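*Asks:* Okay, predicted coordinates and the sequence, questions at the end:
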Amino acid sequence: MDPKKKIVRNPVQDRSIARKENLIEAAYKLVKRNGYDETGIRDIVEEAGVSIGTFYAYYKDKNDIALEVIRKYSEEFYGNLASETIGSLPETADIVQIILEILTRMRKSALKNKKLHKEFAILYLADQELSIAVKKIERERIGKEVFKLLEYFGKNLKLRSEPASLLIAQRAMDDIITYMVLQGFDIPDEKILEETAIMIGKYLELS
C-alpha cells in the first residue's frame, strides 16, 4: 500500500490521546536536541516508550509527525506574543513601539531555541510539503495573535488589516529574525530591530 494513502487513526479515547501526545512530546524533544535529520522514527518511539506499530497507527511517516512538531514550536514561538506585548505596553502605544516589542520577543524566543529555529528554517526551504504546511500553521497562529493586538490597540490606530498586508509584514519580521539569529548582521541587533519596526510600522499604518 502507498504510505501516503495509508489510513491513520484519530484517537478519541484518553489512553490513545495520551499515547499520541507522548509521541509528539518525544519527537519535539529529540528534534530540539539532535536536529530533524538525526531523529529517526525508532528514536521517537523509544523516547515515547511505545511500539513502532503505535507510531504508524497515528502517522504515515516522519514528515507527518514533523507537522505536529512544527505546530508545537509555532505555538511556543508565537503563542504569547500578543498577551506579552499587551502586558508590556500602554494602550496608547504607537505602531512602531508595538512592532519593536514583538520583534524583540521574537528574537528572544528564537535565540532560546536556536537549533530548532534553524532546523525549521532549513525544512521550510528544502521540503515543499512541509513548506506548505508551515505557511498554513503560521497564518493560523499569526491570525490569532494579530486579532488580539488589533482588538487591544486598534481603537487608537488605523492599520492595514487585509490578509496580504499582514502576511507581508509577518514574513518580513520572520525573515529578519531568522537571518539575525542564524547568520547575524554586522550592525547591532537593536539597531536592526528599530529600523525594521519603523519600516513595517510605516507600511502598516494608514494615514
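*Replies:* Structure's in. What do you need?

*Asks:* Flag the shaky bits of this protein, pLDDT-wise.
*Replies:* Along the chain, the parts satisfying pLDDT under 70 run over 1-14, 207.

*Asks:* how close does the spatially closest residue to residue 205 that is not a sequence neighbour sit to residue 38?
*Replies:* Distance criterion CB to CB, 6 or more residues apart in numbering; nearest residue to residue 205, sequence neighbours excluded, is residue 95 at 5.1 Å. C-beta: built from backbone N, CA, C; applies to glycine. With distances taken as CB to CB, to the nearest Å, residue 95 is found 42 Å from residue 38.

*Asks:* element containing the residue nearest the centre of the chain, please.
*Replies:* Nearest to the geometric centre of the chain sits residue 74, at 2.5 Å (CA atoms, centre = their mean). When elements are assigned from DSSP states H and E, residue 74 belongs to helix 62-78.

*Asks:* same for whichever helix or strand comes after that helix, what does it pack against?
*Replies:* Next helix or strand after helix 62-78 toward the C-terminus (DSSP H and E): helix 81-88. Here helix 81-88 is seen to pack against helix 95-112, helix 128-153 when contacts are counted using 3 or more CB pairs under 8 Å, 6 or more residues apart in numbering; DSSP states H and E.

*Asks:* what comes up buried for helix 81-88?
*Replies:* Buried residues in helix 81-88, counted by 16 or more other CB atoms under 10 Å: 81-82, 85-86.

*Asks:* What lies in contact with that helix?
*Replies:* When contacts are defined by CB atoms under 8 Å, 6 or more residues apart in numbering, helix 81-88 is touched by residues 98, 101-102, 105-106, 144-146, 148-149, 152-153.

*Asks:* list the contacts for the residue nearest to the centre of the chain?
*Replies:* Under the criterion of CB under 8 Å, 6+ apart, the neighbours of residue 74 are 134, 137-138, 141.

*Asks:* Tell me how the chain divides into domains.
*Replies:* According to automatic domain parsing, the chain comprises the domains 3-60, 71-204.

*Asks:* From one end of the last one to the other, what's the distance?
*Replies:* Right, the one you point to is domain 71-204. 27 Å (CA to CA, to the nearest Å).

*Asks:* so how far is it off the chain centroid?
*Replies:* For domain 71-204, the distance between its averaged C-alpha position and the chain's averaged C-alpha position is 9 Å (CA atoms, centre = their mean, to the nearest Å).

*Asks:* Equivalent analysis for the shortest one, please.
*Replies:* Taking the mean C-alpha point of domain 3-60 and that of its whole chain, the gap between them comes to 20 Å (CA atoms, centre = their mean).

*Asks:* still on that earlier bit, please identify the deepest-packed of the helices and strands packed on helix 81-88.
*Replies:* Highest mean neighbour count among these (mean count of other CB atoms under 10 Å): helix 95-112, with a mean of 19.
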